[in-house]
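*Asks:* sequence first, then the predicted structure:
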Amino acid sequence: MIVDLLRHGETEQGGGLRGSLDDDLTERGWAQMHAAVAQAGPWDVLVSSPLRRCARFAEQLGAQLALPVQCEVGVRELHFGDWEGRSAAQIMQDQADALGRFWADPYAFTPPNGEPVDEFAERVLTAMENLGRQHAGKRVLLITHGGVMRLLLTRARGLPREQLLQVEVGHGALVRLALAADGQLREEA
């Protein structure tokens, strides 16, 4: 399966850790996503996170391209717990040490009341395995989140898992991966 990963665009509530918050896209966010797919494709199927910042674009693009859209809850963003909706600068004011530990090794430190990154990774990788079985040999556009893309790119690039948060993924970023039958990921040019 060839999978193009598309990160949602800028959201109405702005920066910070959005996680499970269900924000809408700004006009700029819509434009970022349209620009990303303008010269890309073709795809056989569109798969999207259920969160509005992904799903609404997927629905619009699916209608435009006459393609089915599959909602996949397993590719939701990491739930940041008490940090959701807060920027790094805001968290630094009262939890600087905790934020530093999270950035240094997100697998070793979970934000208060958040989803452990190892559970997030298991959820995302299981979803990818299922998609690989369902869509073997197809080209898929997966509309998802920065954390999901960082996780998959970390694995595809063979990086140590602790470097997860060091992988850059901007709003509207589009990256192609190949998912082999054995579950191995590799980044495509």
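*Replies:* The structure has been received and is ready for your questions.
*Asks:* would you verify that R123 is located in a helix?
*Replies:* Yes: the assignment for R123 by DSSP: H, G, I helix; E, B strand; the rest coil puts it in a helix.
*Asks:* contact partners for it?
*Replies:* The contact partners of R123, by Cβ atoms under 8 Å, 6 or more residues apart in numbering, come to G74, R76. From N, CA and C alone the C-beta is placed, and that goes for glycine too.
*Asks:* residue nearest the middle of this structure, spatially speaking?
*Replies:* Here the mean C-alpha position of the chain is nearest to the C-alpha of H145 (Cα atoms, centre = their mean), at a distance of 2.4 Å.
*Asks:* quick check: nearest residue in space to that residue, chain neighbours excluded?
*Replies:* E77 (3.8 Å; Cβ to Cβ, 6 or more residues apart in numbering).
*Asks:* and L5, what helix or strand is that in?
*Replies:* Element membership for L5, per DSSP states H and E: strand 2-7.
*Asks:* the residue nearest to the centre of the chain contacts R76, correct?
*Replies:* Yes: distance between H145 and R76: 7.2 Å, which falls inside the contact criterion (Cβ atoms under 8 Å).
*Asks:* joint contacts of the two?
*Replies:* Here H145 and R76 share the contacting residues S49, L51, scored by Cβ under 8 Å, 6+ apart.
*Asks:* what about the strands in the protein?
*Replies:* Secondary structure of the chain by DSSP state E: the strands cover 2-7, 45-48, 69-71, 139-144, 174-179, 185-188.
*Asks:* any chance of TSV for these, columns distance to L164, mean neighbour count and mean pLDDT?
*Replies:* Compiled in TSV, these are given as follows (distance: least, Cβ to Cβ, whole Å; neighbours: other Cβ atoms under 10 Å; pLDDT from 0 to 100):
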stretch	distance to L164	mean neighbour count	mean pLDDT
strand 2-7	15	22	97
strand 45-48	22	23	98
strand 69-71	25	17	97
strand 139-144	15	25	98
strand 174-179	15	18	96
strand 185-188	14	15	93
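*Asks:* perfect, I'm done here.
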